[in-house]
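Visitor: Provide a 3D model corresponding to the input given below.
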Amino acid sequence: MQLATENPFETPVRNGEVLRGYFQDSGRGVTGVFLPGFASDLNGSKSQLLARHAQQNQRSWLRFDYRGMGISDGSFAELSISRYLEDVEAILNALPSRPIFLVASSMGGWVATRAAQLWPERIRALLLIAPAYNFIRDYFAALPPEAQQAWQHSGLHDWSLGSNGPVYQLGFDAVRDAARHDVLQDPPRLEIPVTILHGSADEAVPLQRSFQFADRARAQPLAIQTLPGVNHRLQGADQQLLAAVESSFAHIKNDRTLVNSVA
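Guide: This next block holds a predicted model:
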């Protein structure tokens with residue numbers, strides 16, 4: 001069997017900056033799009049695993065970098081949920097005739113949930129991997145008062161990913177903007193299948209956060225699959241992730257409202 005071929009992909013965003021990634025096109029049907037997490041790019045392990053799986057199953061699939069990451073234009077310091085939603089909108093505009101299935105990790109899960117609220121006619125299913133709802137506001141609230149004031153005063157903050165990880169400068173607009181997208185205080189109504197995968201040993205986003213969201217969200221159907229002993233990066237759970245992808249595709253194809261879209 002000949003595998004689908006990944007080709008370079010790019011599309012402009014409103015301000016003229018360009019999103020870049022790789023797109024494999026089966027020529028029809030639902031297109032899967034992967035939304036990475038905070039400070040993650042299209043070369044992450046989950047991104048590559050999902051692209052390979054889509055190739056093997058002859059499915060249309062897109063992996064890309066948000067603005068400010070990897071091969072896309074822009075500055076990381078300008079990150080905000082609203083900005084990343086503009087990136088998703090640019091993707092939807094570049095694929096105007098395709099129903100979209102979003103697979104999203106960590107912060108990407110927060111972005112995907114808001115995207116499904118904003119474009120319900122385009123997004124037909126969500127698979128969320130340890131969605132990091134409200135993590136920007138939680139991070140800010142946990143800082144000492146003097147660090148909060150310094151971030152507000154200077155407009156920039158050095159965000160370190162772990163003791164030995166890289167340091168990213170992040171603008172204060174990310175904090176201001178986060179309040180507009182609080183899906184816990186303003187639960188969404190989603191009329192599409194939503195599946196959440198979350199490891200019980202997640203050290204970055206507590207498992208309880210997913211149950212908190214599920215308790216408040218108005219979504220049908222919505223299912224949480226707890227992965228015992230699995231961490232935030234979902235290490236060792238590749239098969240569970242791919243099985244969830246297959247289950248989501250099956251839900252979409254069994255939806256009679258999509259018969260014309262996926263034919």
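
Visitor: How far away from the center of its chain is the longest helix along the chain?
Guide: Among the segments of the chain that qualify as a helix by DSSP state H, the longest is helix 238-253. Remark: helix 238-253 is offset 16 Å from the chain centroid, using Cα atoms, centre = their mean, to the nearest Å.

Visitor: swap in stretch 90-97?
Guide: With Cα atoms, centre = their mean, you get 16 Å for stretch 90-97.

Visitor: Contacts for the longest helix of the chain next, please.
Guide: 30, 32, 46, 49-50, 53, 59, 99, 101, 103, 124-127, 129, 193, 195, 197, 221, 225, 227, 234, 258, 262 (Cβ atoms under 8 Å, 6 or more residues apart in numbering). For the C-beta atoms, the positions are set from N, CA and C on the backbone; glycine is no exception.

Visitor: Mean confidence (pLDDT) on stretch 158-171, please.
Guide: Stretch 158-171 shows a mean pLDDT of 88 in the predicted model.

Visitor: List the buried residues in it.
Guide: 159, 168, 170, 171 (16 or more other Cβ atoms under 10 Å).

Visitor: Go through the residues you listed and say which is closest to residue 118.
Guide: Taking Cβ to Cβ as the measure, residue 118 lies nearest residue 171 of the buried residues of stretch 158-171, at 22.6 Å.

Visitor: Spatially, what comes nearest to that closest one if we skip its sequence neighbours?
Guide: Spatial nearest neighbour of residue 171, excluding adjacent residues (Cβ to Cβ, 6 or more residues apart in numbering): residue 77 at 4.8 Å.

Visitor: Can you show me the strands along the stretch 1-150 of the chain?
Guide: For the stretch 1-150 of the chain, the strands defined by DSSP state E, counting those that start in this stretch cover 6-12, 18-24, 31-35, 60-65, 100-105, 123-129.

Visitor: So what touches the first one?
Guide: Residues external to strand 6-12 that are found in contact with it (Cβ under 8 Å, 6+ apart): 18-25, 51, 55, 62, 64, 90-91, 93-94.

Visitor: can I get the CA coordinates of it in PDB?
Guide: The C-alpha coordinates for strand 6-12 follow below in PDB (Å, rounded to 0.1, in the frame of the first residue of the first chain):
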ATOM      1  CA  GLU A   6       3.400  14.800   3.600                       C
ATOM      2  CA  ASN A   7       4.000  18.100   1.700                       C
ATOM      3  CA  PRO A   8       5.000  21.500   3.000                       C
ATOM      4  CA  PHE A   9       2.000  23.600   4.100                       C
ATOM      5  CA  GLU A  10       1.700  27.300   4.700                       C
ATOM      6  CA  THR A  11      -1.100  29.800   5.100                       C
ATOM      7  CA  PRO A  12      -1.200  33.500   6.100                       C
END
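
Visitor: Measure how that strand sits relative to strand 60-65, angle-wise.
Guide: Here the directions of strand 6-12 and strand 60-65 differ by 60 degrees (axes from the mean of the first three to the mean of the last three Cα atoms, to 10 degrees).
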